[in-house]
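Participant: next comes the sequence, and after it the predicted model I'd like to discuss.
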Amino acid sequence: MVRIKVPATSANVGVGFDTLGLAVTFYGECEVELSDKLEITGCPVAFQTEDNLIYQSYKYVLDDLKRPVTPIKLQIDSDIPFARGLGSSAVCIVSGVLAANELHQLHLSQDELVKYCTQIEGHPDNVVPALLGGLSASYQMNDDIFFQHYPVDESYQFVAFVPDFTLETSVARGALPESYPLKTVVANQAKLLFLLDALKTGDAANLDKFLDDGIHQPYRKTLIDEYDIVENIAKESGAKGFYISGSGSTLMGVFTSQVDLKGLNISLSTLKHKWKALDLSVDYKGAEVCHRTI
Ligand code: HSE
């Protein structure tokens, strides 16, 4: 049996649309073992079928390698909410790919794991940090997947503002224009370079300006009710920067000082929607196979 632990992720990080992704200290775990029939527990009944994304990802790898798809007993233990921009599907995909690798002793290389996870997800910006931890840039060009780690100064704390409503990535992508003015693109690429430096050095003086994206956030914030109010609450509590986590609906505040989580949650409790503030750090370990008894 293997126990697999995978960090949630916060993709885009403002100006890194479809490229940057950050692993955070919030985890989805599961226990998997070979069995004589598929058995899934720990998730809603609707996901206890062959369509379960962890099982589908496990099967994808074995099908691709032309190995028999042995049924599994899968027990899921995860609080990462679905369709909130915290990489819940990447966590499932990485878990399934690692389950195939471990239970069938496939000895896949890091590049092969990244390739399978990206093929299943369709883009690498969530699966790479979920698998490898830390802050990474990743991008698929034809058959090549490039990924690169970037340092994040330990003074940074990330507070996820998680609402009670979902935002499907397909809907959030549908809100984006087909093309952009040249000056918007140039501004984003300049800010991305400065953002990486601010994250590396811990110099947060202009973090808010460097996170201020023109590619996806202006179009998506209108889909996230109470965006402006939550941003104000975060900034009044000392957030040095603020951005949409992944494609939303979670919003992320970046802090450099002690976070008053209790105070934040009290302020959030006055809002129309139920928001929960989670105090997170960068996860540097990435996915771990925590326990193995066979
Ligand atoms: N980069 C993707 C998007 C992340 O923003 O649409 C979704 O997981």
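Facilitator: All right, it came through fine.

Participant: got a pLDDT number for residue 292?
Facilitator: With respect to pLDDT, residue 292 has a value of 63.

Participant: I meant to write residue 253 there.
Facilitator: Residue 253 is given a pLDDT of 98.

Participant: in a strand, that's where it is, yeah?
Facilitator: Yes. The assignment for residue 253 (DSSP: H, G, I helix; E, B strand; the rest coil) places it in a strand.

Participant: quick one: contacts for it?
Facilitator: By CB atoms under 8 Å, 6 or more residues apart in numbering, the residues touching residue 253 are 158-159, 161, 234-235, 237, 239, 241-242. For every residue, glycine as well, the C-beta is placed using N, CA and C.

Participant: tabulate those (TSV), appending neighbour count, pLDDT and secondary structure.
Facilitator: Below are the contacts of residue 253 laid out as TSV (neighbours: other CB atoms under 10 Å; pLDDT from 0 to 100; DSSP: H, G, I helix; E, B strand; the rest coil):
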residue	neighbour count	pLDDT	secondary structure
158	25	98	strand
159	21	98	strand
161	26	98	strand
234	25	97	helix
235	14	97	helix
237	18	95	coil
239	27	97	coil
241	26	98	strand
242	23	98	strand
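
Participant: and the furthest pair within those?
Facilitator: Farthest pair in the contacts of residue 253 (CB to CB) is 158 and 235. Separation: 14.7 Å.

Participant: isn't residue 289 right next to residue 102, touching?
Facilitator: Yes. Using CB atoms under 8 Å, residue 289 is in contact with residue 102, at 5.6 Å.

Participant: shared neighbours, those two?
Facilitator: Both residue 289 and residue 102 are contacted by 2, 4, under the criterion CB under 8 Å, 6+ apart.

Participant: which one of the two has more residues nearby?
Facilitator: For residue 289 versus residue 102, neighbours defined as other CB atoms under 10 Å are more numerous around residue 102 (19 against 14).

Participant: checking my notes, the more buried one in a strand, right?
Facilitator: No. Counting by three-state DSSP, residue 102 falls outside a strand, being helix.

Participant: next up, the contacts around the residue lying closest to it once chain neighbours are set aside.
Facilitator: Excluding the flanking residues, the one nearest residue 102 by CB to CB, 6 or more residues apart in numbering is residue 2, at 4.6 Å. Residue 2 is in contact with 31-33, 98-99, 102-103, 289-292, counting by CB under 8 Å, 6+ apart.

Participant: you'd agree residue 201 is up against residue 152?
Facilitator: No. Using CB under 8 Å, residue 201 is not in contact with residue 152; the gap is 10.2 Å.

Participant: which residues does residue 3 form beta bridges with?
Facilitator: residue 31, residue 291 (DSSP bridges).
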